[in-house]
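K.L.:
structure of the sequence below:
(one chain, ligands or ions: 2)
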Amino acid sequence: MINVQNLTYSYPNQRDETIKNLNFTIAKGEIYGFLGPSGAGKSTTQKLLIRLLSGFSGNIQVLGRLLKNWDNSYYNHIGVGFELPNHYAKLTGLENLQLFASFYEKQPTNLMALLDRVGLADAAHKKTQDYSKGMKMRLNFIRALVHDPEILFFDEPTSGLDPTNARIIKDIIRELKQHGKTIFLTTHNMHDADELCDRVAFITQGSIQAEGAPKELKRQFGKPLLQVEYMNQGTHSKEFELSNLGKNQEFLELLNDFPILNMHSKEASLDEVFIALTGQKLILTDV
Ligand SMILES: Nc1ncnc2c1ncn2[C@@H]1O[C@H](COP(=O)(O)OP(=O)(O)O)[C@@H](O)[C@H]1O
Ligand SMILES: [Mg+2]
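P.N.:
Numbering: from 1, shown residues only. Ligands and ions are numbered 1, 2, ... in the order given. The predicted structure is shown next:
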């Protein structure tokens with residue numbers, strides 16, 4: 001559905017390349033994630049894919065056609081969720097969706113059902129200026145779906161949402177996949193990437209550092225651990241790498257010398273794999 005070759009891009013008036021020689025393909029029905037810290041180039045890539053930015057080098061092919069050979073009918077095939085919601089404040093939620101749907105050739109899907117799906121049915125006739133931030137974000141998300149497009153682009157779809165609303169959005173993304181939609185999403189949230197994506201690309205500083213199924217990446221590059229709780233004048237906890245446990249003297253001595261309270265194996269997290277492969281953290285904290 002999407003095929004990107006040697007994609008490179010610099011913003012006008014910027015010397016350095018923001019996007020550096022990206023290569024990836026996304027198959028029909030796949031959820032493909034761009035996982036990376038803030039400033040990595042995720043939104044820029046999405047903007048290039050949806051033709052909001054132009055002037056790149058390399059090739060972007062969508063639905064078998066180069067982006068430059070698409071006319072505006074391209075937008076009938078794609079739905080876009082931007083990172084920050086922008087709605088017409090004086091229009092109601094439903095009117096915002098109706099207006100948006102009118103831009104497309106296809107008859108809109110059942111807009112009230114969409115609103116209902118994200119808990120906005122009761123607010124359908126309320127002006128969006130009176131919506132809370134979370135409500136605006138949910139409206140923003142379903143706006144991408146009004147024309148039932150085959151391909152969806154979601155930029156940080158759960159960012160800033162509380163767990164309940166994030167869950168609703170993630171469930172819808174999975175339902176879209178079940179209906180055969182192809183989905184490109186960006187996130188700096190490793191849980192979302194792990195939970196949703198068939199494949200993820202780790203992106204830092206405009207480059208893809210690794211790519212694969214989350215499970216596979218964790219298996220290949222993560223170190224599963226065994227966490228052991230034991231008694232030694234109080235409760236203690238220690239972690240051991242699962243590999244070669246039988247030859248791990250410290251572990252064997254612990255087994256012999258102290259009463260064990262419990263043991264749990266812990267899968268490597270995508271977070272750890274990300275750090276191992278890119279040398280960077282996903283969440284940049286200023287400590
Ligand atoms: N309009 C712009 N002009 C110049 N530089 C920009 C512009 N938008 C983003 N950038 C820069 O491009 C880099 C990537 O940004 P972005 O794609 O938004 O990253 P991400 O979405 O991964 O957080 C950042 O260094 C950012 O400052
Ligand atoms: Mg972004």
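K.L.:
isn't Ala124 right next to Thr92, touching?
P.N.:
Yes: in this structure, Ala124 is within contact of Thr92 by C-beta atoms under 8 Å, at 6.5 Å. Where you see a C-beta, it was placed from the backbone N, CA and C, and this is true even at glycine.
K.L.:
interface residues of the stretch 1-150 of the chain facing ligand 1?
P.N.:
Contact residues (C-beta under 6 Å from any ligand atom) of the stretch 1-150 of the chain with ligand 1: Tyr11, Gln14, Thr18, Gly36, Ser38, Gly39, Ala40, Gly41, Lys42, Ser43, Thr44.
K.L.:
could you rerun that using 8 Å?
P.N.:
By C-beta under 8 Å from any ligand atom, the part of the stretch 1-150 of the chain that sits against ligand 1 consists of 11-14, 18-19, 34, 36-47, 83.
K.L.:
got a quick ChimeraX command for the buried subset of these?
P.N.:
This is how ChimeraX selects the buried members of these, with burial counted by 16 or more other C-beta atoms under 10 Å:
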select :18,19,34,36,37,40,41,42,43,44,45,46,47,83
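K.L.:
show only the entries of the residues of the stretch 1-150 of the chain next to ligand 1 found in helices.
P.N.:
Among these, DSSP state H puts Lys42, Ser43, Thr44, Thr45, Gln46, Lys47 in helices.
K.L.:
quick one: the helices in the stretch 1-150 of the chain?
P.N.:
Ranges of helices within the stretch 1-150 of the chain are 42-49, 74-77, 93-101, 111-117, 133-143, based on DSSP state H, counting those that start in this stretch.
K.L.:
which is the next helix or strand following the last one?
P.N.:
Spelled out, that is helix 133-143. Tracing the chain past helix 133-143, the next element assigned as helix or strand by DSSP states H and E is strand 151-155.
K.L.:
hmm, that next one in reach of ligand 1?
P.N.:
Yes: Strand 151-155 is in contact with ligand 1 by C-beta under 8 Å from any ligand atom, via Asp155.
K.L.:
list the buried residues in that strand.
P.N.:
For strand 151-155, by 16+ other C-beta under 10 Å, it's Ile151, Leu152, Phe153, Phe154, Asp155.
K.L.:
ok, now stretch 225-237?
P.N.:
Those buried within stretch 225-237 under the rule 16+ other C-beta under 10 Å are Leu225, Leu226, Val228, Tyr230.
K.L.:
how about stretch 153-173?
P.N.:
Under 16+ other C-beta under 10 Å, the buried positions of stretch 153-173 are 153-158, 161, 165-166, 168-170, 172-173.
K.L.:
before we move on, what about stretch 105-112?
P.N.:
Buried residues in stretch 105-112 (16+ other C-beta under 10 Å): Pro108, Leu111.
K.L.:
how's the protein carved up into domains?
P.N.:
2-213, 223-267 (automatic domain parsing).
K.L.:
stretch 268-287 and ligand 1 in contact?
P.N.:
No: Stretch 268-287 does not reach ligand 1 (C-beta under 8 Å from any ligand atom); its nearest approach is 10.2 Å.
K.L.:
and the contacts of that stretch?
P.N.:
35-38, 188-190, 193-194, 200, 202, 204, 209-210, 214, 217-218, 221-225 (C-beta atoms under 8 Å, 6 or more residues apart in numbering).
K.L.:
7 Å instead, please
P.N.:
35, 37-38, 188, 190, 193-194, 202, 204, 209-210, 214, 217-218, 221-224 (C-beta atoms under 7 Å, 6 or more residues apart in numbering).
K.L.:
among those residues, the buried ones, what's the PyMOL command?
P.N.:
In PyMOL, this line selects whichever of these come out buried by 16+ other C-beta under 10 Å:
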select buried, resi 35+37+188+190+193+194+202+204+209+210+214+217+218+221+222
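K.L.:
excluding covalently adjacent residues, which one is nearest to the closest residue to ligand 1 within the stretch 101-250 of the chain?
P.N.:
As assessed by C-beta to the nearest ligand atom, ligand 1 sits closest to Thr186 within the stretch 101-250 of the chain, at 6.2 Å. Excluding the flanking residues, the one nearest Thr186 by C-beta to C-beta, 6 or more residues apart in numbering is Lys42, at 3.7 Å.
K.L.:
in strands only, show me the buried residues of stretch 225-237.
P.N.:
Per DSSP state E, strands hold the following members of the buried residues of stretch 225-237: Leu225, Leu226, Val228, Tyr230.
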